[in-house]
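Trainee: structure for the following, please:
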Amino acid sequence: MERLMSVGYLHEFIYHRGVVTMRKSINRFLPVACVGLFLFAGCANQDVIRKDEGVAPAVAKTETTAAPKTNPENGAQQTPPGNGLFKNAQKAAAADLEKELEKIYFDYDSSTLSETARLTLEKDSVVLKKNPRTKIRVEGHCDERGSDEYNLALGERRAQAAVRYLTSLGISAERLSTISYGKEKPAIHGHDEAAWAKNRRDEFAVTD
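Mentor: Alright, predicted model coming up:
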């Protein structure tokens, strides 16, 4: 009986000693395990951050309009070639139209339209109707005789006479404007009737 008690006590002692030893081992290992987990978590976080750093945010593409080029020599802006060609074509078309529009002539000190002038304006109206968007400036001129003020007024009356007749032929008045140059721009430089007859006139210029 005493032997059994001794054996039982021995087993209980061994079991208790083992539990105590295990607890001590766990208590010793637990801080080390916590440090290891913390270091592992930190490394994993750094890996994630490094992977994320390689992904650049998407940048939206924006369309840009080509600015006029600048001449490096004088800093002036250069007109794009396409615009220059378009303007040249416009100038050429305007010049061709002005050649089609015939001048009209007046008698001395008169703004009355002659029969010949009326026929010429009728031809001009046909040309203008074929170019309905074109605007015209009627320019009145005089010969060298008379004062500057008088000839400016006479040139304006001659231009207005042409405008009135063109509007009666169906040309919109909004397309027509007038100016008087008086005797400032003679067509022919001379001091005889041949030169004066060519200077008493209306000319037509394309403005738009």
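
Trainee: can I get the helix or strand hosting Ala205 in CSV, CA atoms only?
Mentor: Here Ala205 sits within strand 201-206, counting by DSSP states H and E. Output in CSV follows, covering the C-alpha atoms of strand 201-206 (Å, rounded to 0.1, in the frame of the first residue of the first chain):
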residue,chain,number,x,y,z
ARG,A,201,-14.3,107.2,-113.3
ASP,A,202,-15.6,104.7,-110.8
GLU,A,203,-13.5,101.6,-109.9
PHE,A,204,-14.5,98.5,-107.9
ALA,A,205,-12.5,96.8,-105.2
VAL,A,206,-13.2,93.6,-103.3
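
Trainee: endpoints of stretch 96-111, how far apart?
Mentor: 27 Å (C-alpha to C-alpha, to the nearest Å).

Trainee: report the buried residues of that stretch.
Mentor: Using 16 or more other C-beta atoms under 10 Å as the test for burial, stretch 96-111 gives 97, 101, 103-106, 111. (Each C-beta comes from the backbone N, C-alpha and C, glycine too.)

Trainee: residues making contact with stretch 179-186?
Mentor: 137-146, 148, 151-156, 158-159, 195, 199 (C-beta atoms under 8 Å, 6 or more residues apart in numbering).

Trainee: what residues does the helix or strand harbouring Asp124 touch?
Mentor: If you go by DSSP H and E, Asp124 is part of helix 115-130. By C-beta under 8 Å, 6+ apart, the surrounding residues in contact with helix 115-130 are 97, 100-106, 113, 134, 136, 162, 165-166, 169-171, 175, 204.

Trainee: quick one: low-confidence ranges for the protein?
Mentor: Filtered on pLDDT under 70, the chain yields the residue ranges 1-82, 86.

Trainee: among the contacts of helix 115-130, name the ones in strands.
Mentor: 104-105, 136, 204 (DSSP state E).

Trainee: nearest to Leu85 among these?
Mentor: Using C-beta to C-beta, Ile136 is the member of the ones in strands among the contacts of helix 115-130 that lies nearest Leu85, at 24.8 Å.

Trainee: got a list of what that closest one touches?
Mentor: By C-beta under 8 Å, 6+ apart, the residues touching Ile136 are 101, 128, 175-177, 204-207.

Trainee: count of neighbours near Ala94?
Mentor: Ala94 has 16 neighbours, counted by other C-beta atoms under 10 Å.

Trainee: excluding chain neighbours, what is closest to it?
Mentor: Val206 (4.0 Å; C-beta to C-beta, 6 or more residues apart in numbering).

Trainee: do the same with Thr178
Mentor: Distances taken as C-beta to C-beta, 6+ apart place Ala159 nearest to Thr178, at 3.8 Å, with adjacent residues excluded.
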